[in-house]
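S.K.: Starting from these lines, generate the structure:
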Amino acid sequence: MSFLNQIKTVLLLGLLTGLLLWIGSFFGQGGLLIALFISILVNIGSFFWGHKVILRMYKAQQVTDKDNRMYKIVKEVAQASGIPMPRVYIVPSQQMNAFATGPSYKKASIACNQGLLDGLDDEELKGVVAHEAAHIKNRDTLIATVAATIAGIISYIAFMARWGALFGGFGRDRDSGNMIELLVLGLLTPLIATLIQLAISRSREFVADATAAKNLGNGKGLSSALKKISSDINVHPLRSGAATETTAHLMIANPFRGRGLVKLFSTHPPTSERVRRLEKV
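M.R.: Next comes the predicted model:
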């Protein structure tokens, strides 16, 4: 990433961490100290183990067979992209999607859903893998992993706050002000966390698309793949949940059906705009 992008990344991560601390302040000085401690642990833990948690979350299975179709394509694309060979994983999902994760080249992984392998030809699969390799090369995977981990903690605390509002505010006085305060906390903080993730994610998708097209010499394969992926997600959308919502920005395309507010708050730019830009390459 360029220096300006690094500054932007630090600021956005700071906002996510600040949001976590703000949540803690609702529970007094002790809550603020606990939130500070959690934010430090989360940032350290997500760097070393966040990528493993995400791969386990999606039940990804590592591929080590060098004759495997995906393994060979990842190796070819990694060489074209100028990055070390990442670990290769297959996710047992029929949705056509893929993601990259890992805080460094050494720990980087590229995972493709089984549905993607079944539905794309080699050129299209190369385009998708090149997009994920671009995220690794641009260090997007580090920021995405950390952001997903912090946002996951925020969503969990917000969920607890909503329950606290319903059942008396975690043992504090059952006054309406306290319950309204907790309810607002539980409703607003996930929305703010999502908006910050959007700022992190959207612009990086265009950069990864362009980098993939450059490294492969054209954007035709990726463009064709994105069209298929977009159509397939409406047939095989993921179920909405805390885990999938906070990791959606890792995918090459938003894994939820793009309607209503989901489309408005999508972690990815519109497929039509991505295809338009790729077809200009």
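S.K.: which residues does K66 contact?
M.R.: Counting by CB atoms under 8 Å, 6 or more residues apart in numbering, K66 makes contact with K72, K75. Quick note: C-beta positions are derived from backbone N, CA and C, even for glycine.
S.K.: What of A134?
M.R.: Contacts of A134 were listed using CB under 8 Å, 6+ apart, and they are S81, D140, V207, A208, D209, T211, A212, N215.
S.K.: Can I take it that it is in a helix?
M.R.: Yes: counting by DSSP: H, G, I helix; E, B strand; the rest coil, A134 is part of a helix.
S.K.: How about it: what's its closest non-neighbour residue?
M.R.: In space, A134 comes closest to T211 once its chain neighbours are excluded; the distance is 3.6 Å by CB to CB, 6 or more residues apart in numbering.
S.K.: quick one on the thing from earlier: out of the contacts of A134, who's the most crowded?
M.R.: A212 (30 neighbours; other CB atoms under 10 Å).
S.K.: picking up where we left off before, could I get the contacts of A134 as CSV with secondary structure, distance to E132 and pLDDT?
M.R.: Listed next are these as CSV, based on DSSP: H, G, I helix; E, B strand; the rest coil; distance: CB to CB, whole Å; pLDDT from 0 to 100:
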residue, secondary structure, distance to E132, pLDDT
S81, helix, 10, 95
D140, helix, 10, 82
V207, helix, 13, 86
A208, helix, 8, 92
D209, helix, 11, 94
T211, helix, 11, 93
A212, helix, 8, 96
N215, helix, 12, 95
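S.K.: just to revisit the earlier point, is it true that the residue nearest to A134 touches D140?
M.R.: No: taking CB atoms under 8 Å as the definition, T211 is not a contact partner of D140, at 10.1 Å.
S.K.: Show me the helices in this protein, by range?
M.R.: Along the chain, counting by DSSP state H, helices occupy 3-25, 28-57, 69-81, 114-119, 122-137, 140-166, 176-216, 220-233, 242-247, 260-264, 271-279.
S.K.: Among those, which one carries the weakest average confidence?
M.R.: Lowest mean pLDDT of the helices of the chain: helix 260-264, a mean of 48.
S.K.: which ones are touching L120?
M.R.: M96, V128, A225, K228 are the contacts of L120 under CB under 8 Å, 6+ apart.
S.K.: Please check these and keep the buried ones.
M.R.: Taking 16 or more other CB atoms under 10 Å as the criterion, what is buried in these is M96, V128, A225, K228.
S.K.: wait, which of these is closest to L278?
M.R.: Among these, A225 lies closest to L278 (CB to CB), at 9.9 Å.
S.K.: I figured that closest one was touching A130, is that so?
M.R.: No: at 10.0 Å, A225 and A130 do not qualify as touching, with contact defined as CB under 8 Å.
S.K.: count of residues packed around R276?
M.R.: By other CB under 10 Å, 11 other residues sit near R276.
S.K.: how much space between it and L55?
M.R.: R276 sits at a distance of 33 Å from L55 (criterion: CB to CB, to the nearest Å).
S.K.: For burial, what's the neighbour tally of S223?
M.R.: With other CB under 10 Å as criterion, S223 counts 21.
S.K.: Report the contact partners of it.
M.R.: Per CB under 8 Å, 6+ apart, neighbours of S223: G127, R274, V275, L278, E279.
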